[in-house]
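pasting a predicted model and its sequence here:
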Amino acid sequence: MLLTGAWIAAFAIVAMVLVVLGLLHRTRLGDVLHEHDKDRPRRRMFLASVSFLVTFAGLRLLTWSIHNNIGPFHDVQMGGRHIHHLVWGILLLLLVGYAWLAEVGTGEVGTSLVASRLMALLYGAAAALTLDEFALWLNLRDVYWAREGRSSLDAAILFLAVLSVGAWGAPLWRGLWRKRYSKLKTEN
């Protein structure tokens, strides 16, 4: 049975979202993140950056597998036309944007917190789907494996850096260091 790359990517994104939501909602990891970073937008940037990184790496692996005919994967074709994964990323970005316009995940109740985390994770995944084919935007042709395809990596690294600076910046690291330092102090 052949599976299209879109289905594999969709399953991987859903699995990643569920695992991260479960970890943040049901474990000490979520408590630590919430305890050290009270700023909700910064937590959303953190989740989006993790989601972006995981999705981008997974996409690169999946497209490499498709390109080298490894595994049961193949491209999505509709009417003889290859549908690039940036299309799914754009659609997902539109969905997340609409949800945020409707203020999904902006309240203070528990379900709003889960929705906020979900939207951040979906945003990161959608950005990865889209920016992984950034070179296609620039060249208006498929240069994914050509030298010009390097601009997709550059765009992804730049975007991840911007997300990460906002998310992993000084307040998060200071808070984690304080907790570690105070724990060492109490042990002595």
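Sure, I can see it.

got a list of what residue 160 touches?
Contacts for residue 160 were tallied using CB atoms under 8 Å, 6 or more residues apart in numbering; they are 49, 52, 53, 56. In short, each C-beta sits where N, CA and C put it, glycine included.

list the buried residues in the lengthiest helix in the chain.
Secondary structure of the chain per DSSP state H: the longest helix is helix 40-67. Neighbour counts over helix 40-67 (16 or more other CB atoms under 10 Å) mark 40, 42-56, 58-60, 62-63, 65-66 as buried.

give me phi/psi at residue 74?
The phi and psi values for residue 74, taken as degrees, to the nearest 10, are phi -150, psi 170.

hey, what's it bridged with?
residue 4 (DSSP bridges).

measure it to residue 83 for me?
Look at residue 74 and residue 83: by CB to CB, to the nearest Å, they are 12 Å apart.

list the contacts for residue 45?
Contacts of residue 45 by CB under 8 Å, 6+ apart are 120, 163, 166, 167.

in what helix or strand does the residue nearest to it when sequence neighbours are not counted lie?
With CB to CB, 6 or more residues apart in numbering as the criterion, residue 45 has its nearest non-adjacent residue at 3.7 Å, and that residue is residue 167. Using DSSP states H and E, residue 167 maps to helix 150-168.

buried residues of that helix, list them for me.
Quick answer for helix 150-168 (16+ other CB under 10 Å): 151, 152, 155, 156, 159, 160, 163, 164, 166, 167, 168.

now tabulate these in CSV and tack on pLDDT and distance to residue 18.
Listed next are the buried residues of helix 150-168 as CSV, based on pLDDT from 0 to 100; distance: CB to CB, whole Å:
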residue, pLDDT, distance to residue 18
151, 91, 32
152, 91, 27
155, 92, 28
156, 93, 24
159, 92, 24
160, 90, 22
163, 83, 21
164, 82, 23
166, 75, 25
167, 74, 21
168, 72, 23
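
output the residues you listed as TSV; include the columns distance to residue 100.
Listed next are these as TSV, based on distance: CB to CB, whole Å:
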residue	distance to residue 100
151	28
152	25
155	22
156	22
159	18
160	20
163	16
164	21
166	16
167	17
168	22
